[in-house]
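A.B. asks: Would you be able to build a 3D model of this:
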Amino acid sequence: MWNKVRPHIELIAAILSGVLIIIAYILELQEITALSVATYLSAFVIGGYAKAKYGIKKTISDKQLNVEFLMILAAVGASIIGFWTEGAILIFIFALSGALETYTMNKSRKELSALMEMQPDEAWLLEESGETTRVPVEQLKIGDHVAVRPGERIPVDGEVYSGQTAVDESAISGEALPVSKYEHDNLFAGTVNLSGSIAMIMTKPSNETMFQKIIELVQTAESEKSPSQQFIERFEGRYVKIVLIVFVLMLFVPHYLVGWSWNETFYRAMVLLVVASPCALVASIMPATLAAISNGAKSGIIYKGGAHLENLSVIQAIAFDKTGTLTRGKPEVTDFIIRNGADKENVMALVAGIESQSNHPLAKAITDFVVQQGFEPLRNLPIEDVPGNGLKTMFNGDEIKVGKPAFVGEDEAYSFEGGILSALANEGKTVTFVRDGHGILAAMALKDTVRDITKTTIAELQDRGIYCIMLTGDNRKTAKAIAEETGVDEFIAECLPGDKVQHLKTLLEKYKYVAMIGDGINDAPALATATTGIAMGEGTDIALETADVILMKNDLSRISYSIRLAKKMQRIVKQNIFFSVAVILILILSNFFQAISLPLGVIGHEGSTILVILNGLRMLNRHV
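C.D. replies: Residues are numbered from 1 along each chain as shown. A predicted model of the protein is given here:
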């Protein structure tokens, strides 16, 4: 029961304080003075306890005054001059705004708590005998086999050893659609096995899983303050001192200078203490930042701190790695050309039978393509691997060769089907040939294909005035083909890791704020050099550790979303700062001209604080 009530204790105290104020005001109207004052005092204690405790502890630890101290002083001062209702209302609204700030923080941490609850504590260890034993996840070692039944959460990071299933990875990627998993496919702790029973091999310690990294990243992001927030907090200490100095002067100067009565002088000093307090200004940034981080976490975007949100909002250029970022990161067959007169089914079955015995990525891509076309690979073919060239076998008395042009016969390869090799190569494709006793039998063109969302993402970024450049280690011909297909503004080919860093520095000189997006070890130096490093979620560990922002779902559209989110946060922060400063100035001037009462000062000041917090909470809306 207490665990359910505890997160809302500040809000409950604020509401109870408000109820007591109403009761005390009614008693005051009935002229039951003693009981009315006692009730007001109860409202003071209940509503102001949390803020007073926090303010005193912070003053002692930081050795400087703060907003909470000003509010306590203002409430006590109002009571001293007989304005019990105003002092109590000040405490009530201050407590209510504090409860709203706590709500914002709890809302942001809710995603983290939900993630932590999703991480299983136990797993089914699969013994060599085939029996399963329930053990704590911490006892598992890399290489252990684990059984996962339908409906269970996957306990550790690993890969499928046997079986196939569909997995709900929404907790990590933000993608609602299940992902099909087959042998050797990656599995992540905390995701849900939906359909089939599988056995998996553990590949990472339980304290180094992707799930655990997400938790640590969100925790870091919540504790890291943006430059704007750090400035406001430094400003707060100095500002409070200035307000207290002006307050002391207000207690005496107006009486002697403009002839105010002592009662009016003290009253105006109390009003100044209330309206000049920078509560709204202090609350202008952090609630909005926490809400934005929470929004990102729900959308599969992990920010490592509010500073990176600020930087993203002013990004002017983005450098993209090619492989695994703009493209899928693995080759796919785009063209399968067979010699006229040859039987398609027999050729495909033969090619797949040869390639299925190789672990080369191109061979696997060709085999997968044939199987997807509905053809069964031939079995038990005697294969000879010719390093650096390809494969060969004997079939029906013919020697069959599969490999590059120089291996199968360069002249015949280049003249096959009217010289199609040159045309395919110009499209950035890698071509593998098959030769039998009669010449070139078939040609397979493969390419690391561009992601479906890449073109629209690049176009959207360009519409926002962001310069898009591709940095890749591939040769110029391949890079040019990908650049033309994706629509980037510029490309630079044959980049080593050090070259990428130099190009990033050049971009920084020209554009000042530059993001880098990559996924590999070779991208890590560039990610660290950029204003904002963005890593693809399926990238290498070092890329994830170096980056400032992580796209858990390898979805480039999240880049556009994250920039829109960052820009919206900055707009809200600017709105909050402008509004809070304007309210403070108007209230201070109104007080000097004796045009505002203490109740209006309380409502104007604390009301503005609540409004900026509520405005910051708009960042929780995922439609940006």
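
A.B. asks: quick one, domains of this structure?
C.D. replies: Domain assignment for the chain, taken from automatic domain parsing, gives 2-112+219-290+567-620, 122-206, 328-450.

A.B. asks: Show the end-to-end separation of the shortest one, please.
C.D. replies: Counting by C-alpha to C-alpha, to the nearest Å, you get 11 Å between the two ends of domain 122-206.

A.B. asks: Which among the domains of the chain is found nearest to Val501?
C.D. replies: domain 328-450 (21.7 Å; C-beta to C-beta). (Each C-beta comes from the backbone N, C-alpha and C, glycine too.)

A.B. asks: quick check: mean pLDDT across that closest one?
C.D. replies: Average pLDDT, domain 328-450: 85.

A.B. asks: Then stretch 308-318?
C.D. replies: For stretch 308-318, mean pLDDT rounds to 91.

A.B. asks: buried residues in that stretch?
C.D. replies: Judged by neighbour count (16 or more other C-beta atoms under 10 Å), stretch 308-318 contains these buried residues: His308, Leu309, Glu310, Asn311, Leu312, Ser313, Ile315, Gln316, Ala317, Ile318.

A.B. asks: And for stretch 570-581?
C.D. replies: Those would be Gln570, Ile572, Val573, Gln575, Asn576, Ile577, Phe579, Ser580, for stretch 570-581 by 16+ other C-beta under 10 Å.

A.B. asks: From these, pick the one nearest Gly48.
C.D. replies: For the buried residues of stretch 570-581, the nearest to Gly48 is Ser580 (21.7 Å; C-beta to C-beta).

A.B. asks: these two touch, right, that closest one and Ser284?
C.D. replies: Yes. Applying C-beta atoms under 8 Å, one finds Ser580 in contact with Ser284, separated by 5.6 Å.

A.B. asks: Quick check: neighbours shared by these two?
C.D. replies: Common neighbours of Ser580 and Ser284, counting by C-beta atoms under 8 Å, 6 or more residues apart in numbering, are Val612.

A.B. asks: could you pull out the strands for the stretch 501-624 of the chain?
C.D. replies: Taking DSSP state E, counting those that start in this stretch as the test, the strands found in the stretch 501-624 of the chain are 514-518, 532-536, 549-551.

A.B. asks: before we move on, back to that, which one of the domains of the chain lies closest to Ile466?
C.D. replies: Closest of the domains of the chain to Ile466 is domain 2-112+219-290+567-620, at 11.3 Å (criterion: C-beta to C-beta).

A.B. asks: Next up, the contacts around Phe266.
C.D. replies: So Phe266 contacts Gly77, Ile81, Leu251 (C-beta under 8 Å, 6+ apart).

A.B. asks: List buried members of the residues you listed by neighbour count.
C.D. replies: Gly77, Leu251.

A.B. asks: re the thing from before, the buried residues of stretch 308-318 in helices, which ones?
C.D. replies: Among these, the members falling in helices (DSSP state H) are His308, Leu309, Glu310, Asn311, Leu312.

A.B. asks: can you redo the residues you listed as JSON lines with distance to Lys322?
C.D. replies: Shown next, in JSON lines, are those (distance: C-beta to C-beta, whole Å):
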{"residue": "His308", "distance to Lys322": "24"}
{"residue": "Leu309", "distance to Lys322": "27"}
{"residue": "Glu310", "distance to Lys322": "28"}
{"residue": "Asn311", "distance to Lys322": "24"}
{"residue": "Leu312", "distance to Lys322": "22"}
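
A.B. asks: for those residues, which one is nearest Tyr103?
C.D. replies: Within these, the smallest distance to Tyr103 is 20.3 Å, found for Leu309 (C-beta to C-beta).

A.B. asks: Pretty sure that closest one sits against Ser294.
C.D. replies: No. Using C-beta under 8 Å as the test, Leu309 is too far from Ser294 to be in contact (11.8 Å).

A.B. asks: Kindly reformat the domains of the chain as JSON lines containing distance to Ala479.
C.D. replies: Formatted as JSON lines, those follow (distance: least, C-beta to C-beta, whole Å):
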{"stretch": "domain 2-112+219-290+567-620", "distance to Ala479": "31"}
{"stretch": "domain 122-206", "distance to Ala479": "28"}
{"stretch": "domain 328-450", "distance to Ala479": "8"}
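
A.B. asks: residue contacts, the closest residue to Asp448 other than its chain neighbours?
C.D. replies: The shortest distance from Asp448 to any non-neighbouring residue, by C-beta to C-beta, 6 or more residues apart in numbering, is to Thr327 (4.3 Å). If a contact means C-beta under 8 Å, 6+ apart, then Thr327 has Asp448, Thr449, Val450, Arg451, Thr454, Ile482 as its contacts.

A.B. asks: Would you confirm that the third one contacts Glu485?
C.D. replies: Yes. Val450 sits in contact with Glu485 when judged by C-beta under 8 Å, with a separation of 5.3 Å.

A.B. asks: Ramachandran coordinates for Leu381?
C.D. replies: Phi and psi for Leu381, reported as degrees, to the nearest 10, are phi -80, psi 140.

A.B. asks: Then Thr334?
C.D. replies: Dihedral angles phi and psi of Thr334 (degrees, to the nearest 10) take the values phi -110, psi -30.

A.B. asks: go on, the one 4 residues further on?
C.D. replies: Backbone dihedrals for Ile338, given as degrees, to the nearest 10, come out at phi -110, psi 140.

A.B. asks: what about Val434, helix or strand, and which?
C.D. replies: Assigned by DSSP states H and E, Val434 falls within strand 430-436.

A.B. asks: Since that was my last question, I'll sign off now.
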